[in-house]
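Trainee: here are the coordinates; sequence isn't available:
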Ligand code: CP
Ligand code: NVA
């Protein structure tokens, strides 16, 4: 039976910890130049409805390092749901490939691919969630803080796909999740209710950014207007201005706090140059970890 990865909650807590362990092993092998062709001869089709740097490059490089190959399929080529039904694209790609990774607008599109594909489907970002990102981020937190639990992780900004995935991981790994979002820009209510129902992590949502970051071990932010919301960008700049991660906001967090951003960053908007290039920032370690965690995900789903 094939397994898909559309949301962090598709994995159990044990499976998530196994992924972190495998990612650390694969990272060490990569650094030491030890061959690890665990997906020799396998191929991954990568479907993109939106632009990407990290996701595309890390999956492509990851498949190569695992002894396989990845194919980049641009929106112009496939025309998901336009040139061809999503269901038929899923069926066809399953005949050629061992897995499909997709970056889409509506979450229903990645669900549709998973429903009709006979090979595993991985969500490389939808409007609802960005699960690979947050697994890589948690690996980064573990590396820099030496633990995942007993931490206050504060997300400040738009209640988007990235924060929805932080909420999902809080349903599997215990920690304190503090969300600072302007009124009307809160994260998905259903995912929040589900995570709270698990009773594992404390999750709070406040419209006060200072309150959100108070004594935080980790501060996280993302763009104020996500891909597909470009026309709202100017209006959002005014609303989100108090949510900028700058030196003043950082002064309310713990002295040894780390700062993460999934990137790409809009420097001067959600984060200042001073913070992004400063001593608390681990954003480029975080970007690198997309490679290592995704290799672990690929091995888990495709090495069958
Ligand atoms: N963080 C992230 O997913 O980056 P890309 O949009 O460049 O893939
Ligand atoms: N929230 C952002 C994340 C980019 C990696 C977006 O969806 O555009």
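Mentor: Arrived safely. Note that the structure is predicted; figures quoted are calculated from it, not measured. Ligands and ions are numbered 1, 2, ... in the order given.
Trainee: What is the burial count for residue 76?
Mentor: By other Cβ atoms under 10 Å, 8 other residues sit near residue 76. All C-beta atoms are positioned from the backbone trio N, CA, C, and that covers glycine.
Trainee: swap in residue 235?
Mentor: 11.
Trainee: Helix or strand: which one has it?
Mentor: Here residue 235 is covered by helix 233-240, with elements defined by DSSP states H and E.
Trainee: so how far is whatever helix or strand comes next after that helix off the chain centroid?
Mentor: Going down the chain from helix 233-240, the next helix or strand is helix 247-250, by DSSP H and E. Chain-centre distance of helix 247-250: 25 Å, with Cα atoms, centre = their mean, to the nearest Å.
Trainee: by contact count, what packs against helix 247-250?
Mentor: Counting contacts by 3 or more Cβ pairs under 8 Å, 6 or more residues apart in numbering; DSSP states H and E, helix 247-250 packs against helix 209-213, helix 273-276.
Trainee: quick one: contacts of the first one?
Mentor: For helix 209-213, the surrounding residues in contact (Cβ atoms under 8 Å, 6 or more residues apart in numbering) are 154-156, 178-180, 206, 219, 242-243, 249-250, 252-253.
Trainee: next one: the shortest one
Mentor: Under the criterion Cβ under 8 Å, 6+ apart, residues 245-247, 250, 259, 261, 265, 267, 281, 283 lie in contact with helix 273-276.
Trainee: before we move on, what about stretch 251-265?
Mentor: Counting by Cβ under 8 Å, 6+ apart, 53-54, 130, 133, 137, 140-141, 144-145, 154, 162, 210, 213-223, 245, 250, 270-271, 275-276, 278, 280-283, 286-287 sit against stretch 251-265.
Trainee: What residues of it count as buried?
Mentor: 252-254, 257-263, 265 (16 or more other Cβ atoms under 10 Å).
Trainee: got these as JSON lines, with secondary structure and distance to residue 38 columns?
Mentor: Below are the buried residues of stretch 251-265 laid out as JSON lines (DSSP: H, G, I helix; E, B strand; the rest coil; distance: Cβ to Cβ, whole Å):
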{"residue": "252", "secondary structure": "coil", "distance to residue 38": "44"}
{"residue": "253", "secondary structure": "coil", "distance to residue 38": "39"}
{"residue": "254", "secondary structure": "coil", "distance to residue 38": "39"}
{"residue": "257", "secondary structure": "coil", "distance to residue 38": "36"}
{"residue": "258", "secondary structure": "strand", "distance to residue 38": "31"}
{"residue": "259", "secondary structure": "strand", "distance to residue 38": "33"}
{"residue": "260", "secondary structure": "strand", "distance to residue 38": "28"}
{"residue": "261", "secondary structure": "strand", "distance to residue 38": "30"}
{"residue": "262", "secondary structure": "coil", "distance to residue 38": "26"}
{"residue": "263", "secondary structure": "coil", "distance to residue 38": "27"}
{"residue": "265", "secondary structure": "coil", "distance to residue 38": "33"}
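Trainee: Those also near ligand 2: which ones?
Mentor: Restricting those to those near ligand 2 by Cβ under 6 Å from any ligand atom leaves residue 262.
Trainee: List only buried entries from the contacts of stretch 251-265.
Mentor: Looks like the contacts of stretch 251-265 have 54, 130, 133, 137, 140-141, 145, 154, 162, 213-214, 216-223, 245, 250, 270-271, 275-276, 280-283, 286-287 buried, using 16+ other Cβ under 10 Å.
Trainee: Look at the most centrally placed residue in the chain and tell me its secondary structure.
Mentor: In the chain, the residue lying closest to the centroid (Cα atoms, centre = their mean) is residue 133, at 1.9 Å. What DSSP: H, G, I helix; E, B strand; the rest coil gives for residue 133 is helix.
Trainee: Which single one of the buried residues of stretch 251-265 is nearest to ligand 2?
Mentor: The nearest member of the buried residues of stretch 251-265 to ligand 2, counting by Cβ to the nearest ligand atom, is residue 262 at 4.8 Å.
Trainee: Report the separation between the closest one and residue 8.
Mentor: 14 Å (Cβ to Cβ, to the nearest Å).
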